[in-house]
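Asks: Curious how this folds, go ahead:
(one chain, ligands or ions: 1)
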Amino acid sequence: MEHLNEVIESLSKGKMKTNIKRYERSFTIHDNVHLMMIRVDNEKSIIAAGKGKLFDELSGETIVEKGKNCPLSHENRLVLNKYFDYTVPKAFGTKTATIGLGDRLGLASPGHIQTVEEKGIKPILAQQSIRELTLTNRTMEEMIDAASFAVFQEGYKGGFGADGDHIKEGADIENALSLGCSMITLDCSDHIYNSIEHANDHEIVTEYEKLSDEIQHYYNNNYLDKTFNVDDLSLTFNQITLMKNVLLYHEAIHYTCCIYDEYITKAEREIDFELSIDETETITSPLSHFFVANELKRHNITITSLAPRFCGEFQKGIDYIGDVHQFEVELREHALIAAHFGYKLSIHSGSDKFKVYPIIAKHTKGIYHVKTAGTNWLEAVRVIATVNPNLYRKMHTFALENFSEAQKHYHVTPNMSTVLPLEEVKDNELPNYMNNDAARQLFHITYGLLLVKKDQVGDYLFRNDVFGTLNDREEEYNKALVKHIGKHLELLGL
Ligand SMILES: [Zn+2]
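Replies: Modelled structure (predicted):
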């Protein structure tokens, strides 16, 4: 530690910087090398002091003899991964509850770690869909780097995952696996035949008869007029329900098999493989869930979790919309089916669904995967509204002006008349916007535009100010996350 202090001191003298923040929890020793994360202004780095292979492999600026300042680069992340196993994303399997905590800015993971450590749930700290990465100009490498460095910063040794989220194409899965993702969520919604949902019986029969004799024979033989018992559930396929399920999911199941054989089985490490059938209009009935699960089993596909599309609406950033009683009835059946096949039920767009969390915890017996993503961004906006009212006002105005553009990417139905006009709200009341559902959704879906939009001379409109403010107010942001994500865990009974 002594030598480390020397390095930090000479750094502060050399750079005339007195304002150096030390992340004490990151302090660690490997062989003769001492490491600690620090921050100078808005720039975090790792100070290394000592000698040995680890010291030589970390790249950085030499400050004194046997002391250097190492940037949070991708290369240095890989070096940390090599020496400190806790900084490597890992799979958790089916026996542990997990929570996806997608971090849109790459700043939320320390707060997320502080929320989940010591709790009976494991965090998937890196989790972004291709859509989110594209909208924020981030790469999957940056996403995993940020999570690994956050784990190092917090000295968190409980393990974390990285989810290549809602991936549709094989090439993207290959890429995510090569970068170190420990979880893959396959979104097979493009292969679900949604329009059959609205077809009448005659149309269903006509469509079904277009399938090859072999396929028809296979499904008729295995399902027609057969009853399957799952715990106290009794599931029977009559001619029409069978045909409909085959038409809806046959292609998606086939696609899942191809992806599984081509990529998941070939990964040379454990992978949490999640199947998402939720990104469609078709609500997954328990019978359909059973059908998909049973087919996966017949094809020897092992999944870690499955995300059905539940009844009601899981809109981004706000509580559950719909009939809670009906949700409970169906969730119980979905949970029984998942337990029967030995995987976890996964709940997507899970942030802020406080009404249904106790139900989820109860019927899954505490074994589930819940995904949250944008809610940490809304907490970031709340912090900005509190500490930088001017910036908040500009962002709010911009978000309103660009709302319809953002709606092309997300399904939300906010009642905008409930959002108070900005000029009527005093500075100290600005954070209250984040308690209004419509304002939450306004910010939830305009994040991409807010973060990447540039002015005429090519400077970011908000990005630098957003990052600057949140870096400055790091502790406030962490606290806000511990409070808000903590509420989720509490309602899940943790
Ligand atoms: Zn989903």
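
Asks: so how many other residues sit close to the residue in the chain that the ion sits nearest to?
Replies: The minimum distance from the chain to the ion, using CB to the ion, falls at H348 (3.4 Å). For every residue, glycine as well, the C-beta is placed using N, CA and C. Look at H348: counted by other CB atoms under 10 Å, it has 24 neighbours.

Asks: got the contact list for the helix ranked longest in the chain?
Replies: The longest helix of the chain (DSSP state H) is helix 239-259. Applying CB atoms under 8 Å, 6 or more residues apart in numbering, the contact partners of helix 239-259 are 170, 173, 186, 188-189, 191-194, 196-197, 199, 201, 204-205, 207-208, 211, 215, 219-220, 223-225, 237, 275, 277, 282, 287-288, 291-292, 295-296, 299, 301.

Asks: Only C-alpha atoms, please: export that helix in CSV.
Replies: In CSV, the C-alpha atoms belonging to helix 239-259 read as follows (Å, rounded to 0.1, in the frame of the first residue of the first chain):
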residue,chain,number,x,y,z
GLN,A,239,-56.8,-30.3,-33.5
ILE,A,240,-57.1,-26.5,-33.7
THR,A,241,-54.9,-25.7,-30.7
LEU,A,242,-52.2,-28.1,-32.0
MET,A,243,-52.3,-26.7,-35.5
LYS,A,244,-52.2,-23.1,-34.2
ASN,A,245,-49.2,-23.8,-32.0
VAL,A,246,-47.3,-25.6,-34.7
LEU,A,247,-47.9,-22.7,-37.1
LEU,A,248,-46.9,-20.1,-34.5
TYR,A,249,-43.8,-21.8,-33.2
HIS,A,250,-42.5,-24.5,-35.6
GLU,A,251,-40.2,-22.1,-37.4
ALA,A,252,-39.0,-20.5,-34.2
ILE,A,253,-38.2,-23.9,-32.6
HIS,A,254,-36.3,-25.0,-35.7
TYR,A,255,-34.3,-21.7,-35.7
THR,A,256,-33.5,-22.2,-32.0
CYS,A,257,-32.2,-25.7,-32.7
CYS,A,258,-29.9,-24.4,-35.5
ILE,A,259,-28.5,-21.6,-33.3
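
Asks: Could you identify the helix or strand that succeeds it?
Replies: Moving toward the C-terminus from helix 239-259, the next helix or strand (DSSP states H and E) is strand 272-276.

Asks: counting contacts, what elements does that following strand pack onto?
Replies: strand 161-167, strand 183-187, strand 305-307 (3 or more CB pairs under 8 Å, 6 or more residues apart in numbering; DSSP states H and E).

Asks: try 7 Å this time
Replies: Where contact means 3 or more CB pairs under 7 Å, 6 or more residues apart in numbering; DSSP states H and E, strand 272-276 is packed against strand 183-187, strand 305-307.

Asks: Relative to the shortest one, what are the paired strands and their orientations?
Replies: Read that as strand 305-307. strand 272-276 (parallel), strand 344-347 (parallel) (DSSP bridges).

Asks: re earlier: so the residue of the chain closest to the ion sits against A373, correct?
Replies: No: contact criterion CB atoms under 7 Å: H348 and A373 do not qualify, at 9.1 Å.

Asks: thinking again about what came up before, mean neighbour count, distance to V230 and mean pLDDT for the helices and strands packed on strand 272-276 - can I get that in CSV?
Replies: Formatted as CSV, those follow (neighbours: other CB atoms under 10 Å; distance: least, CB to CB, whole Å; pLDDT from 0 to 100):
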stretch, mean neighbour count, distance to V230, mean pLDDT
strand 183-187, 26, 23, 98
strand 305-307, 25, 14, 98
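
Asks: Redo those strands as a markdown table? Include distance to E142.
Replies: As requested, these are exported to a markdown table (distance: least, CB to CB, whole Å):
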| stretch | distance to E142 |
| --- | --- |
| strand 183-187 | 18 |
| strand 305-307 | 25 |
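
Asks: mind listing what's buried in the helix or strand of the chain with the lowest mean pLDDT?
Replies: Least confident helix or strand of the chain, by mean pLDDT, DSSP states H and E, is helix 2-14 with a mean of 84. Within helix 2-14, the residues scored as buried using 16 or more other CB atoms under 10 Å are 3-4, 6-8, 11-12.

Asks: go on, stretch 137-148?
Replies: 138, 140, 142-148.

Asks: roughly how far is it from the heart of the chain?
Replies: 12 Å (CA atoms, centre = their mean, to the nearest Å).

Asks: Do me a favour and average the pLDDT over it.
Replies: Per-residue pLDDT over stretch 137-148 has a mean of 95.

Asks: Which of the buried residues of stretch 137-148 fall within helices?
Replies: Using DSSP H, these in helices are 140, 142-148.

Asks: got TSV for these, with distance to the ion too?
Replies: Shown next, in TSV, are those (distance: CB to the ion, whole Å):
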residue	distance to the ion
M140	18
E142	22
M143	17
I144	20
D145	25
A146	22
A147	20
S148	25
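
Asks: any idea which of these is the one closest to L492?
Replies: Within those, proximity to L492 (CB to CB) peaks at A147, which comes in at 21.6 Å.

Asks: Could you check how far that closest one is from K297?
Replies: 32 Å (CB to CB, to the nearest Å).

Asks: ok, now I253?
Replies: Counting by CB to CB, the gap from I253 to K297 is 11 Å.
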